[in-house]
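# Starting from these lines, generate the structure:
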Amino acid sequence: MNLRTIYLSLFTLTLPWLLVACGSNGGDGRQPAPSSSSSSSVAPASGTIKVNQLGFLPAAHKLAVVPPVSADSFALIDASTGNEVYTGNLGGAATWAPAGDSVRLADFSSFTTPGEYRVRVVGIADSNRFRIAQDIYQPLNGAAIKAFYFNRASTALLESHAGVYARAAGHPDTNVQVHASAASPERPEGTVIQAPKGWYDAGDYNKYIVNSGISTYSLLAAYEHFPDHYQGQNLNIPESDNTLPDLLDEILWNLEWMLDMQDPNDGGVYHKLTDKEFDGAVMPHETGTQRYVVQKGTSATLNFAAVMAVASRVYEPFNAELSSEMLAAAESAWAWAQANPGVTYTQPADIKTGAYGDATLTDEHAWAAAELYITTGNAAYYNSMNPTQTQATVPSWGDVRGLAWVSLAHHLSNLTEVADKALIAQRITALADTLVEDWEASAYAVPMRQQNFVWGSNSVALNQAMMLLQGFQLNGNRDYLNAAQSLLDYVLGRNPTDFSFVTGYGVKTPQHIHHRPSEADGIAAPIPGFLAGGPHAGQQDASDCPVSYPSDLPAKSYLDHWCSYASNEIAINWNAPLVYVSGALQVLTEQ
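Reported below is the predicted structural model:
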């Protein structure tokens, strides 16, 4: 049985496979989502016990969410023998506003014996099975990384690496035209350039520098923070037998594309490589439309500068020449951005794909400055960051301030005297403390507030977890680690929808993600390892969908249907924090 067949065996198909051609919109960054919702169609509280459907490391904080019942206690049941192995008291009932549910918490953190279990409460069905094991997140972490391989452009996915998901090569991107918006004297409109490789951004077939920024950084940070964890990992990708760790091989596929997106004549970086319109539900080799690079911009150029500065230091032990090339590219991009500090992206009239437009550029400036300072030691970069005026926030593609503080905190002991080390630590811990306060106040034991349920809400949860883990690495406050664990639990099934939102990982997983290869390949189960965007009340695709959302409430407004690009699409910037958090918890929890 090959690896793909094993993956397929993990799926529980709960819905018919629907081949519905609808919703050509893309994912994150394409349309705004409201921060809250009306509660006009309040769904009744679910009658099921919610639990992380994969399970827990022995030393992890372990919670289940239980509907309000008359019983005051719960038990853990050995799934193989039916024996009761642990009992505890349920917490008091409280309501979580984003879901409108009154729930109680079952805490079994002190139980550490490896095995397979269910949570039992009198008067309600047992929970789904879950495991306690030392390696519980290793397969998830590997699959979340390999999802990037499945989204590679410009290459065939061979059966030896992709199993049943093998496909022909799509989008060689060796005949890319310079769009009128990107024209320059050296490269006038219609100039043909080459920019192969890279990852398809989301469920569509376009490639965007801005979203590659946070995505590639999060993967580089996973390696930079936990190199030992990734050294021996074998993902069965084409490069698995070379001298680079597989994670760095996968990242390099995208970095090489990013390098080709920089104009060598001036250092500016094109915003995106794209068709003029979104493709339909077809395989990548079935498209055949002309591709373009579109408008150089400050946001794309600073994202590029930041990522290349990080990559330069990460790849330096493996390839000094490549490292030097990346640093030179980063500094050239920085120079262009300094000369062009306010070039915001404006979508041309004939381009209909994702915009990733961003009118605020101070966060990209601060992030690029921080990364260049760390890599070069040049104090001018640190001062340019304007650290006293730069706050730490939960990262998103449109707000990357937090990434600057993540890198500064990780390199705290090696920074030069110009850096205010106390300020760096304070920025991280203040944000982590705020998230812990929200975690402690939440009936569902997650820091997610109503306004966090935006397009790609599951990535909000995981980026919150990533920031909490920075706090834990700074001072060892176990509350930070426990709150981060709760956020991974949420994504893996301890949420009001009862879905584990990662394809192929859990008992009830998305079967109809908005992802063109998964829709068009004729295989019932979607490609494993992809994180669905998750619930939010915007429902921008409602008019395109033949079925209705189950609820208007933010934490329940999720639709497992191909049509639902607003809640069920996948994206590289959603999978990247899943990689970081699953790997970090695997390493840090047992220390």
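# Disregarding flanking residues, what is the spatial nearest neighbour of residue 246?
Excluding the flanking residues, the one nearest residue 246 by CB to CB, 6 or more residues apart in numbering is residue 235, at 4.3 Å. For every residue, glycine as well, the C-beta is placed using N, CA and C.
# show me what contacts that neighbour?
Listed by CB atoms under 8 Å, 6 or more residues apart in numbering, the contact partners of residue 235 are 142, 145, 146, 149, 246, 247, 250.
# Let me know the closest of these to residue 438.
residue 145 (29.2 Å; CB to CB).
# right, and that closest one touches residue 247 too?
Yes: with contact defined as CB atoms under 8 Å, residue 145 and residue 247 form a contacting pair (5.8 Å).
# between these two, what contacts are shared?
Common neighbours of residue 145 and residue 247 (CB under 8 Å, 6+ apart) are 219, 233, 235, 579.
# Make a markdown table from those and add secondary structure and distance to residue 115 to it.
Formatted as a markdown table, the shared contacts of residue 145 and residue 247 follow (DSSP: H, G, I helix; E, B strand; the rest coil; distance: CB to CB, whole Å):
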| residue | secondary structure | distance to residue 115 |
| --- | --- | --- |
| 219 | helix | 33 |
| 233 | coil | 26 |
| 235 | coil | 28 |
| 579 | helix | 27 |
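# Now list the buried members of these.
Among the shared contacts of residue 145 and residue 247, those buried by neighbour count (16 or more other CB atoms under 10 Å) are 219, 235, 579.
# I'd like those written out as JSON lines, with pLDDT and distance to residue 479 added.
Converted to JSON lines, those look like this (pLDDT from 0 to 100; distance: CB to CB, whole Å):
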{"residue": "219", "pLDDT": "99", "distance to residue 479": "27"}
{"residue": "235", "pLDDT": "98", "distance to residue 479": "33"}
{"residue": "579", "pLDDT": "99", "distance to residue 479": "24"}
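# Where does residue 218 fall, secondary structure wise?
For residue 218, the element it lies in under DSSP states H and E is helix 209-225.
# oh, I was asking about residue 143
helix 138-150.
# in terms of contact count, name the helices or strands touching the next helix or strand after that helix.
Toward the C-terminus, helix 138-150 is succeeded by helix 159-162 as the next helix or strand (DSSP H and E). Packing partners of helix 159-162 (3 or more CB pairs under 8 Å, 6 or more residues apart in numbering; DSSP states H and E): helix 138-150.
# outside of the helix it packs on, which residues touch it?
Contacts of helix 138-150 (CB under 8 Å, 6+ apart): 7, 54, 157, 161-162, 165, 199, 219, 233, 235-237, 246-247, 250, 253-254, 502, 504-505, 517, 527-531, 570, 572, 575, 578-579, 582-583, 586.
# sorry, back to before: and the helix holding residue 143, what's buried?
So helix 138-150, judged by 16+ other CB under 10 Å, has buried residues 139, 140, 141, 142, 143, 144, 145, 146, 147, 148, 149, 150.
# With distance to residue 193 and pLDDT as added columns, please give these in JSON lines.
Converted to JSON lines, those look like this (distance: CB to CB, whole Å; pLDDT from 0 to 100):
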{"residue": "139", "distance to residue 193": "40", "pLDDT": "98"}
{"residue": "140", "distance to residue 193": "38", "pLDDT": "98"}
{"residue": "141", "distance to residue 193": "36", "pLDDT": "98"}
{"residue": "142", "distance to residue 193": "35", "pLDDT": "98"}
{"residue": "143", "distance to residue 193": "34", "pLDDT": "98"}
{"residue": "144", "distance to residue 193": "32", "pLDDT": "98"}
{"residue": "145", "distance to residue 193": "29", "pLDDT": "98"}
{"residue": "146", "distance to residue 193": "30", "pLDDT": "98"}
{"residue": "147", "distance to residue 193": "28", "pLDDT": "98"}
{"residue": "148", "distance to residue 193": "24", "pLDDT": "98"}
{"residue": "149", "distance to residue 193": "25", "pLDDT": "98"}
{"residue": "150", "distance to residue 193": "26", "pLDDT": "98"}
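# Dump the residues you listed into TSV; add distance to residue 109 as well.
Output for these, formatted as TSV (distance: CB to CB, whole Å):
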residue	distance to residue 109
139	23
140	20
141	22
142	26
143	26
144	25
145	28
146	31
147	30
148	33
149	35
150	35
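# What is the nearest of the residues you listed to residue 455?
Nearest to residue 455 among those, with distances taken as CB to CB, is residue 147, at 19.1 Å.
# ok now stretch 354-373, how far from the chain's centre?
Relative to the centre of its chain, stretch 354-373 is centred 18 Å away, using CA atoms, centre = their mean, to the nearest Å.
# Please disregard the earlier target; I meant stretch 56-63.
Using CA atoms, centre = their mean, the offset of stretch 56-63 from its chain centre is 22 Å.
# ditto for stretch 109-129
Here stretch 109-129 is found 29 Å from its chain centre; the criterion is CA atoms, centre = their mean.
# try stretch 93-110
Distance, centroid of stretch 93-110 to centroid of chain: 25 Å (CA atoms, centre = their mean).
# taking the mean pLDDT, what do you get for it?
What stretch 93-110 shows for mean pLDDT is 97.
# Kindly calculate the angle that the helix holding residue 143 makes with helix 209-225.
Note on geometry: by axes from the mean of the first three to the mean of the last three CA atoms, to 10 degrees, helix 138-150 and helix 209-225 are set 140 degrees apart in direction.
# what about the protein, any weak spots by pLDDT?
1-46, 591 (pLDDT under 70).
# Let's see that with 90 instead.
1-47, 232, 288, 590-591 (pLDDT under 90).
# Show me the strands in it, by range?
55-56, 63-66, 73-78, 84-89, 94-96, 101-107, 115-120, 130-132, 176-178, 192-193, 207-208, 270-274, 292-296 (DSSP state E).
# among those, which is the most enclosed?
strand 207-208 (a mean of 32; mean count of other CB atoms under 10 Å).
# in its sheet, what does that one sit against?
Strand 207-208 sits in its sheet next to strand 270-274 (antiparallel), going by DSSP bridges.
# Give me the angle between the strand it pairs with and strand 292-296.
Using the same axes, to 10 degrees, strand 270-274 lies at 160 degrees relative to strand 292-296.
# What are the contacting residues of strand 270-274?
Residues contacting strand 270-274 (CB under 8 Å, 6+ apart): 173, 176, 182, 195, 198, 206-210, 257, 261-263, 291-297, 299-300, 345, 351, 353-354, 356.
# now with 7 Å?
173, 176, 182, 195, 206-210, 261, 291-297, 300, 345, 351, 353 (CB atoms under 7 Å, 6 or more residues apart in numbering).
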